[in-house]
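Trainee: Here is the input, now give the coordinates:
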Amino acid sequence: MAALSFCLVLLTPAPAQAMHIAEGFLPLQWAVAWWLISLPFLAVGLRSLTRISRSHPELKLLLALAGAFTFVLSALKIPSVTGSCSHPTGTGLGAILFGPTVMTVIGSIVLLFQALLLAHGGLTTLGANIFSMAIVGPFVAWGAFQLFSSSGHRRLAVFAAAALADLATYVVTAGQLAIAFPAASGGVMASFLKFGSIFAITQIPLAITEGLLTVLVWNWLQSYGQPELKTLRLLHQES
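Mentor: Here you go, the predicted model:
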């Protein structure tokens, strides 16, 4: 899996546009605002991550897997004309395994490394990208997983969590861009509809694909990661 991840990153075409919201694209006041909104979530996430690492050190490899999964999927990008790019997010798996707050930290680390090493996204827009992909996405994934798991269909819950987290990330991104750049005619709502419709062209099929891929990884974990899933109380009988 590590070798496959390495190859995917190297062989993925790298267009000139930056993925996520590009460096310098947001006005300063909005860049600062999204940082201020995201920081409390990061603080809570750090406490959760520290607690899990100390109480269950055997889960560190699975934490690394969740981070690698997010890094690789969110590096697969399709250029958009909105100042951003469409791409899978990969945050659903980690949110299912460890909860949304832990995934906030992992997702933020992924976004930081991509901004510094791959020029995807940026430092000034990191707060906005953290909020959409590493905060909203994981919380939506966790909520969807809990909701659908109550029916007993675990694979459906995994699919829904990953797909809806992907879509929620881009709904929020469209909203962030709309607030920062309201349309001259129609204001924020018109701008949101414009950004959202352009994203939807590529994001809906990407979300479905991400959901299916996450189910495959989940099946792999059920076969080879049973001790870890039992520790996380996620290994139950499928209906």
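
Trainee: Now do the helices in this protein.
Mentor: All helices of the chain, identified by DSSP state H, fall at 2-11, 28-55, 60-74, 91-98, 100-113, 126-129, 137-149, 154-180, 187-224, 226-231.

Trainee: which of those is buried the deepest?
Mentor: helix 91-98 (a mean of 30; mean count of other Cβ atoms under 10 Å). Where C-beta positions appear, they are placed from N, C-alpha and C, glycine not excepted.

Trainee: Which elements pack onto it?
Mentor: Judged by 3 or more Cβ pairs under 8 Å, 6 or more residues apart in numbering; DSSP states H and E, helix 91-98 is in contact with helix 28-55, helix 60-74, helix 100-113, helix 137-149, helix 154-180, helix 187-224.

Trainee: Between the ones you listed, which one is closest to Lys230.
Mentor: With Cβ to Cβ as the criterion, Lys230 lies closest to helix 187-224 of the helices and strands packed on helix 91-98, at 10.8 Å.

Trainee: angle of the closest one against helix 137-149?
Mentor: 60 degrees (axes from the mean of the first three to the mean of the last three Cα atoms, to 10 degrees).

Trainee: Could you export the helices of the chain to TSV, including columns for mean pLDDT and distance to Ala119?
Mentor: Shown next, in TSV, are those (pLDDT from 0 to 100; distance: least, Cβ to Cβ, whole Å):
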stretch	mean pLDDT	distance to Ala119
helix 2-11	42	13
helix 28-55	95	17
helix 60-74	93	14
helix 91-98	96	21
helix 100-113	95	11
helix 126-129	95	13
helix 137-149	95	22
helix 154-180	94	18
helix 187-224	89	21
helix 226-231	90	34
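
Trainee: Pro100 against Ala144, yeah?
Mentor: No: Pro100 is beyond contact range of Ala144, at 11.0 Å (criterion: Cβ atoms under 8 Å).

Trainee: ok, now how distant is Ala95 from Gly127?
Mentor: 20 Å (Cβ to Cβ, to the nearest Å).

Trainee: Please name whichever of the helices and strands packed on helix 91-98 is nearest to Leu232.
Mentor: Leu232 lies closest to helix 60-74 among those, at 8.2 Å (Cβ to Cβ).

Trainee: what's next to the closest one, contact-wise?
Mentor: With Cβ atoms under 8 Å, 6 or more residues apart in numbering as the test, helix 60-74 has contacts from 1-2, 5, 8-9, 19, 49, 52-53, 87-91, 93-94, 97-98, 102-103, 106-107, 109-111, 113-114, 133, 210, 213, 217, 225, 228.

Trainee: The residue lying closest to Ile21 once chain neighbours are set aside: neighbouring residues, count only.
Mentor: In space, and not counting its chain neighbours, Ile21 is closest to Thr125: 4.4 Å by Cβ to Cβ, 6 or more residues apart in numbering. For Thr125, the count of nearby residues is 26 (other Cβ atoms under 10 Å).

Trainee: which residues does the residue of the chain most remote from its centre contact?
Mentor: Within the chain, Ser185 marks the point farthest from the mean C-alpha position, 32.1 Å out by Cα atoms, centre = their mean. Under the criterion of Cβ under 8 Å, 6+ apart, Ser185 has no neighbours.

Trainee: now it: how far from Lys194?
Mentor: 11 Å.

Trainee: next one: Ala22
Mentor: Using Cβ to Cβ, we find Ala22 at a distance of 17 Å from Lys194.

Trainee: can you check Thr101 too?
Mentor: 33 Å.

Trainee: do Leu46 as well
Mentor: From Leu46 over to Lys194 the distance is 37 Å, taken as Cβ to Cβ.

Trainee: Ok, Leu97 next?
Mentor: Distance from Leu97 to Lys194, by Cβ to Cβ: 36 Å.

Trainee: Over to Ala200?
Mentor: The gap separating Ala200 from Lys194 is 11 Å, by Cβ to Cβ.
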